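Participant: quick check, what structure comes out for this input:
(2 chains)
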Amino acid sequence: MNINTILLSDTKALDKEAIVDLYDRHSSGIFRYAYRLLGSHDLAEECVAETFSRFLQVLKAGRGPTDNVQAYLYRMAHNWASDQYRRQPQSSVELDLEQHADHSSNPSTIVHISLERERVRKALLQLPFEQQRVIEMRFLDDLPHEEVARSLGKSIEATRALQYRALTTLRQMLIEQ
Amino acid sequence: MNNNEKTLPLQDPEMDELLKLLQETPERDPRVVEQGRARYIAEVNEMFTSSSPNSSWLEKVMMIGIFRQNRENNSMSRTMKLSYSIALVALLLVFFLFSGAGITAYAAQSALPGDALYSLKTSIEQAQVRLAADAAKIAELHLEFAERRLGEISGLIAEGRYGDIDRATQEFEYHVQQALQAMETVAAGDPLRAQQLAARVTAALSEYARSLAGMMLNVPEGTRASMQRAIDTSQSGGVITPGEFGENENEATNDNINDDQADIDGVDNINGNNADDDRSNQNENLINDNEDDDDNINTNLNSNRDDDGNENSNSNLNDQHNDNQNDSGDDNTNSNSNDDGDDNDNDRDNDNHNDNDGDDDKGDDD
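Facilitator: Below you'll find the model as predicted:
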């Protein structure tokens, strides 16, 4: 998504309607992304609010994205989420059992799954922004490479390379250790 | 190869299984989504009113959600848009003409929660909020709407429709919170006006609490809980003291202050955590220093952020600074004289800060 989408074509001034549109288009995606990184419904909502509020501040300051608005928004969300993660006194694993509880499982399985999930979440958090997004879009949202490349503003080859690196790192962190 | 990858996203089942653990995300609360969206739109509006006065009145009308089209599928023609806009303006005009100011007038308004026309009534209200020129106006509108909800509650009681009361009380709480939130936005930009507004909000909210308490007597057991919640909401917002100020909203204001700095550093500065903290402290201190008169408001905003564990580190740091400044300077005398006898406010401020500090210390020590 090009920066021109939020500029009026004739004047290059900011297009209000398009800026509002951004929220409708990306707030749920950013929510999912933030949730996957932070594992908390409230924090994810806060991340959405913060991201868009900061985005407006940046626009107001006349800075803002130079080309890819979508990637810019997600990167802002990523920055917020990583700050959040670092700022928090890292407690033990958050067991949000209600949300994910599988009724067929016994309690120890549920705890195990929950611990595993937190382990994956932490590993994902440690990836650089673009690798995170590639993993999310490719494996969690099942999007094709073309779309991932478009939303990151990169070539397909570049996203493949990102994916490869991300998987290698994750594998080292999660499986080989 | 491409196709192959689409169908087989990963040839590593072990990793695939692990990653899929993160696939599920919870449903978003539609209320929170709507609130967030409204807030964003209010911020966008504010941005455009302050920076580019040339966005026309008609454009604002076009912005209204009901008729707003996705820019990509421009299926509605321009003339159609225009006629919708005109119809809407006419509708709004009628609405403005017939909306009175007192509680009795609201009670007379016929649509109650559960009525067919009720959602029209609320969407017109939402449109009014979106059209509002600035945060102060938004605060006033939300107060007005909260008052309408009160009228509706008493109307529902009169008709014995206790089942619909819950919706009205929820809406009431929403408007009170929105009003407080808008007030903070005002406080950030125009402290003097915010003080005037705060006085009005306080008076209105304690009035609301009183009339709700009166109505409580007439409802059956089952609906009392939601009424009580509404009373609590108005009481907690009604006394605008540091400890009780609407909590969530405050974060936003403070964060914004931080954001100015954090964001100017830019998106590129991914690892700016420590730096961010430092800068934002300076920033907030500056604000406190400069606006002696409004120390109360500022400290309110700060003190309330404790709710959110995450903001704690930030706000505590700030608070410490604030404490120092308040204690050492002329601020105390200033705020006392402004308070008209509410000396306690200051004390409470300090208490809160101390609490925060304690918490934070604990966290650090751990």
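Participant: buried residues, the helix or strand B:Q196 falls within. List them.
Facilitator: Using DSSP states H and E, B:Q196 sits in helix B:191-216. Buried positions in helix B:191-216, judged by neighbour count with 16 or more other C-beta atoms under 10 Å in any protein chain shown: B:191, B:193-195, B:197-198, B:201, B:204-205, B:208-209, B:211-212, B:215. Heads up, the C-betas are built off the backbone N, CA and C, glycines and all.
Participant: what mean pLDDT does that helix get?
Facilitator: For helix B:191-216, mean pLDDT rounds to 83.
Participant: elements contacting that helix?
Facilitator: helix B:135-159, helix B:165-189, helix B:221-238, helix B:295-303 (3 or more C-beta pairs under 8 Å, 6 or more residues apart in numbering or on different chains; DSSP states H and E).
Participant: what angle separates the first one from helix B:191-216?
Facilitator: Between the direction of helix B:135-159 and that of helix B:191-216, the angle (axes from the mean of the first three to the mean of the last three C-alpha atoms, to 10 degrees) works out to 10 degrees.
Participant: which elements pack onto helix B:135-159?
Facilitator: Packing partners of helix B:135-159 (3+ C-beta pairs under 8 Å, 6+ apart): helix B:30-51, helix B:103-108, helix B:118-131, helix B:165-189, helix B:191-216, helix B:221-238.
Participant: so B:L88 versus B:E34, what's the distance?
Facilitator: Per C-beta to C-beta, to the nearest Å, B:L88 is found 20 Å from B:E34.
Participant: what are the ranges of the helices in chain A?
Facilitator: With helices called from DSSP state H, chain A shows them at A:16-38, A:41-60, A:69-87, A:97-100, A:107-126, A:129-135, A:145-152, A:156-171.
Participant: hey, which helix or strand in chain A has the poorest pLDDT?
Facilitator: Every helix and strand in chain A was compared by mean pLDDT, DSSP states H and E; the lowest is helix A:97-100, with a mean of 48.
Participant: okay, the helices of chain A in JSON lines with mean neighbour count next?
Facilitator: Below are these laid out as JSON lines (neighbours: other C-beta atoms under 10 Å in any protein chain shown):
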{"stretch": "helix A:16-38", "mean neighbour count": "21"}
{"stretch": "helix A:41-60", "mean neighbour count": "22"}
{"stretch": "helix A:69-87", "mean neighbour count": "22"}
{"stretch": "helix A:97-100", "mean neighbour count": "12"}
{"stretch": "helix A:107-126", "mean neighbour count": "16"}
{"stretch": "helix A:129-135", "mean neighbour count": "23"}
{"stretch": "helix A:145-152", "mean neighbour count": "18"}
{"stretch": "helix A:156-171", "mean neighbour count": "17"}
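Participant: now those helices as TSV including distance to B:A42?
Facilitator: Output for the helices of chain A, formatted as TSV (distance: least, C-beta to C-beta, whole Å):
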stretch	distance to B:A42
helix A:16-38	11
helix A:41-60	10
helix A:69-87	19
helix A:97-100	31
helix A:107-126	32
helix A:129-135	29
helix A:145-152	28
helix A:156-171	37
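Participant: where does the chain have low pLDDT?
Facilitator: With no chain named, the answer covers chain A. A:1-13, A:89-107, A:177 (pLDDT under 70).
Participant: oops, chain B please
Facilitator: Chain B contains residues with pLDDT under 70 at B:1-11, B:50-78, B:96-110, B:237-366.
Participant: so the helix holding B:Q196 versus helix B:221-238, what angle?
Facilitator: Put simply, helix B:191-216 runs at 160 degrees to helix B:221-238, going by the same axes, to 10 degrees.
Participant: next, the angle helix B:165-189 makes with helix B:191-216.
Facilitator: 170 degrees.
Participant: which one of B:L88 and B:E34 has more residues nearby?
Facilitator: Comparing B:L88 with B:E34 by other C-beta atoms under 10 Å in any protein chain shown, the one with more neighbours is B:L88, at 18 against 12.
Participant: now name the helix or strand holding the more buried one.
Facilitator: For B:L88, the host element (DSSP H and E) is helix B:78-98.
Participant: which elements pack onto that helix?
Facilitator: helix B:57-63, helix B:118-131.
Participant: endpoints of stretch A:53-71, how far apart?
Facilitator: Stretch A:53-71 has its terminal residues 16 Å apart, counting by C-alpha to C-alpha, to the nearest Å.
Participant: how distant is it from the center of its chain?
Facilitator: Distance, stretch centre to chain centre, for stretch A:53-71: 17 Å (C-alpha atoms, centre = their mean, to the nearest Å).
Participant: so B:L19 touches A:D142, yeah?
Facilitator: No - between B:L19 and A:D142 there is no contact under C-beta atoms under 8 Å: 11.1 Å.
Participant: the more surrounded of the two?
Facilitator: Per other C-beta under 10 Å, whichever of B:L19 and A:D142 has more neighbours is B:L19, with 24 against 10.
Participant: once you drop chain neighbours, what's closest to that one?
Facilitator: Computed as C-beta to C-beta, 6 or more residues apart in numbering or on different chains, the closest residue to B:L19 that is not its neighbour in sequence is A:F139, at 4.7 Å.
Participant: and that neighbour, how many neighbours?
Facilitator: Neighbours of A:F139 (other C-beta under 10 Å): 22.
Participant: that one reaches B:E17, doesn't it?
Facilitator: No - using C-beta under 8 Å, A:F139 makes no contact with B:E17, being 10.7 Å away.
Participant: what about B:D232, how many neighbours?
Facilitator: What B:D232 shows, counting by other C-beta under 10 Å, is a neighbour count of 13.
Participant: again but with B:K121, I slipped
Facilitator: 18.
Participant: my guess is it contacts B:L112. True?
Facilitator: No - counting by C-beta under 8 Å, B:K121 stays clear of B:L112, with 9.2 Å between them.
Participant: residues near A:L143, how many?
Facilitator: 18.
Participant: over to B:E27?
Facilitator: Residues near B:E27, counting by other C-beta under 10 Å, number 7.
Participant: sec struct for it, please.
Facilitator: Per DSSP: H, G, I helix; E, B strand; the rest coil, the local secondary structure of B:E27 is coil.
Participant: that one and B:I153: what is the separation?
Facilitator: In terms of C-beta to C-beta, B:E27 sits 29 Å off from B:I153.
Participant: same question for B:K81.
Facilitator: Distance from B:K81 to B:I153, by C-beta to C-beta: 37 Å.
Participant: one more: B:A136?
Facilitator: From B:A136 to B:I153 the distance is 26 Å (C-beta to C-beta).
Participant: the more surrounded of those two?
Facilitator: Neighbours were counted for B:A136 and for B:I153 using other C-beta under 10 Å; B:I153 has more, 29 against 19.
Participant: got the contact list for the more buried one?
Facilitator: By C-beta atoms under 8 Å, 6 or more residues apart in numbering or on different chains, B:I153 lies in contact with B:I165, B:A168, B:T169, B:F172, B:L212, B:M215, B:M227, B:A230.
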